[in-house]
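A.B. asks: coords please:
(2 chains)
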2 protein chains.
Amino acid sequence: MKRSELGKAQERAAAMLKSSGIALTKEEQEHIEVAGFGLGELDIQGLELITYVNNDRYCAKELVLFPRQTCPEHIHPPVGDDPGKMETFRCRSGKVFLYVEGAAAANIQSTIPPGSEPYYTVFHEIELLPGEQYTIDPGTKHWFQAGDLGAIVSEFSSTSRDEYDIFTDPRIERIPIVTEDE
Amino acid sequence: MKRSELGKAQERAAAMLKSSGIALTKEEQEHIEVAGFGLGELDIQGLELITYVNNDRYCAKELVLFPRQTCPEHIHPPVGDDPGKMETFRCRSGKVFLYVEGAAAANIQSTIPPGSEPYYTVFHEIELLPGEQYTIDPGTKHWFQAGDLGAIVSEFSSTSRDEYDIFTDPRIERIPIVTEDE
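C.D. replies: Numbering: from 1, shown residues only, chains lettered A, B, ... in the order given. Model (predicted):
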């Protein structure tokens, strides 16, 4: 991802948080994480996040999704003594469609990112509006997409070890590489 | 606490959350927890809370403090294999003064609840404005008071076992008894 794209995404995420009444410190604003997953289509498959705290006992993040932006399918595997990350998604604003393993919806409300269809395999749909939440058990494949106005989601979880996440799409790199603009 | 007082405090807390842009489901609104600590002076010593999730790995709550309302001094002791609850307070709106063990402030910005002075013993002051946060290690005595406009604080933590909390004030009962109005 180019530095200019990173900066633009950070500004856009910060504006969405501000208009939802979620306060960040200046330092947090400057360090909003932008995950493009190495796919080069951030607005379609990507995620913006702020990690408030991540210690050996618990983790809390704010996730920002641009309109119809999708976080690709992945699982949190066991790591050492940890049975895998367990997480609760609580929608704060906008709308988010979450997909987990289980009975597939007849017609899902999301659009699978074109060209990435083989890498989306679970379709049990949970729609979350502000104030609604859902807890995902460890080792459960999941992906999520914002509605037409985007979404802000609080994530409460056990310890986060993003580098161990397993994505269904083998092209994905979770930890981004930022390149300077030419 | 009388049922009418409980209902009034729930409505007041719900209104504060709403005006801060924090959405609750209808069911959550109806079950806002009101902790008066058995002291019979809820507006002075008390706390309103919504537990979003509390499982064997992590916990997340929203805490609401009325203007100048104080959560009395307590610690979270070890319970079995658990070294004690560790918690991160993140101010979402208003202002909160948090006191923990450590170098005492020369002049604290809170007013200790009159008549309860012997039960407030730690005075290392941390002032939290929206977007600011602080993590309290297990086994650390702490108490907190909202500023003049009240406060909303997100609490991210390890598993919560409120019934084991140890309050400095021996008169305190953490789990409330609700009595019907006469």
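
A.B. asks: Identify each buried residue in the longest strand seen in chain A, please.
C.D. replies: As assigned by DSSP state E, the longest strand anywhere in chain A is strand A:142-157. For strand A:142-157, a neighbour-count test (16 or more other C-beta atoms under 10 Å in any protein chain shown) marks A:142-147, A:150-157 as buried. The way it works is simple: take the backbone N, C-alpha and C, and place the C-beta from them, glycine included.

A.B. asks: For that strand, what is the distance to the chain centroid?
C.D. replies: Distance, stretch centre to chain centre, for strand A:142-157: 6 Å (C-alpha atoms, centre = their mean, to the nearest Å).

A.B. asks: Neighbouring strands - and their directions - for the helix or strand just after that strand?
C.D. replies: As assigned by DSSP states H and E, the chain's next helix or strand after strand A:142-157 is strand A:166-167. Sheet pairing here is set by DSSP bridges, and for strand A:166-167 it gives strand A:70-75 (antiparallel).

A.B. asks: what angle separates the strand it pairs with from strand A:142-157?
C.D. replies: For strand A:70-75 against strand A:142-157, the angle between stretch directions is 80 degrees (axes from the mean of the first three to the mean of the last three C-alpha atoms, to 10 degrees).

A.B. asks: residues in contact with strand A:70-75?
C.D. replies: A:35, A:37, A:39, A:44-47, A:63, A:65, A:84, A:99, A:110, A:113, A:116, A:119-122, A:139-146, A:165-169, A:172 (C-beta atoms under 8 Å, 6 or more residues apart in numbering or on different chains).

A.B. asks: could you give the mean pLDDT of that strand?
C.D. replies: In this model, strand A:70-75 has an average pLDDT of 98.

A.B. asks: Make a ChimeraX selection of whichever of the contacts of strand A:70-75 turn out to be buried.
C.D. replies: Restricted to buried positions by 16+ other C-beta under 10 Å, the ChimeraX selection for the contacts of strand A:70-75 reads:
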select /A:35,37,39,44,45,46,47,63,65,84,99,110,113,116,119,120,122,140,141,142,143,144,145,146,165,167,168,169,172
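
A.B. asks: my guess is A:Asp43 meets A:Phe66, correct?
C.D. replies: Yes - between A:Asp43 and A:Phe66 a contact is recorded at 6.0 Å, counting by C-beta atoms under 8 Å.

A.B. asks: Tell me which of the two has more neighbours.
C.D. replies: Set side by side, A:Asp43 and A:Phe66 show more neighbours around A:Phe66, with 21 against 14, by other C-beta atoms under 10 Å in any protein chain shown.

A.B. asks: ok, back up a step: of the buried residues of strand A:142-157, list those near chain B.
C.D. replies: A:Ser154, A:Phe156, A:Ser157 (C-beta under 8 Å from any C-beta of the partner chain).

A.B. asks: Quick one: these as TSV, columns for pLDDT too.
C.D. replies: Shown next, in TSV, are those (pLDDT from 0 to 100):
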residue	pLDDT
A:Ser154	98
A:Phe156	98
A:Ser157	98
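
A.B. asks: between the residues you listed, which is nearest chain B?
C.D. replies: Closest approach to chain B among these (C-beta to the nearest C-beta): A:Phe156, at 3.8 Å.

A.B. asks: Next, A:Arg161: phi, psi?
C.D. replies: phi -130, psi 70 (degrees, to the nearest 10).

A.B. asks: Quick one: neighbours of the closest residue to it other than its chain neighbours, just the number.
C.D. replies: Using C-beta to C-beta, 6 or more residues apart in numbering or on different chains and skipping residues adjacent in sequence, the residue nearest A:Arg161 is A:Val79, 5.4 Å away. Counted with other C-beta under 10 Å, residues neighbouring A:Val79 total 13.

A.B. asks: Make sure A:Val79 is actually in contact with A:Asp165.
C.D. replies: No - A:Val79 lies out of contact with A:Asp165 (C-beta under 8 Å); the separation is 10.1 Å.

A.B. asks: which parts of stretch A:158-177 are buried?
C.D. replies: In stretch A:158-177, counting by 16+ other C-beta under 10 Å, buried: A:Ser158, A:Thr159, A:Ser160, A:Arg161, A:Asp162, A:Tyr164, A:Asp165, A:Phe167, A:Thr168, A:Asp169, A:Ile172, A:Pro176.

A.B. asks: Next up, the contacts around A:Thr51.
C.D. replies: For A:Thr51, the contacting residues are A:Glu33, A:Cys59, A:Ala60, A:Lys61, A:Ser160, by C-beta under 8 Å, 6+ apart.

A.B. asks: Look up which residues are beta-bridged to the second one.
C.D. replies: Under DSSP bridges, the beta-bridge partners of A:Cys59 are A:Asn54, A:Ser157.

A.B. asks: Would you agree it is in contact with A:Leu49?
C.D. replies: No - using C-beta under 8 Å, A:Cys59 is not in contact with A:Leu49; the gap is 11.0 Å.

A.B. asks: the more surrounded of these two?
C.D. replies: A:Cys59 (23 against 20).

A.B. asks: Any chance of JSON lines for the buried residues of stretch A:158-177, columns pLDDT?
C.D. replies: Listed next are the buried residues of stretch A:158-177 as JSON lines, based on pLDDT from 0 to 100:
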{"residue": "A:Ser158", "pLDDT": "98"}
{"residue": "A:Thr159", "pLDDT": "97"}
{"residue": "A:Ser160", "pLDDT": "96"}
{"residue": "A:Arg161", "pLDDT": "94"}
{"residue": "A:Asp162", "pLDDT": "90"}
{"residue": "A:Tyr164", "pLDDT": "93"}
{"residue": "A:Asp165", "pLDDT": "94"}
{"residue": "A:Phe167", "pLDDT": "97"}
{"residue": "A:Thr168", "pLDDT": "97"}
{"residue": "A:Asp169", "pLDDT": "97"}
{"residue": "A:Ile172", "pLDDT": "95"}
{"residue": "A:Pro176", "pLDDT": "69"}
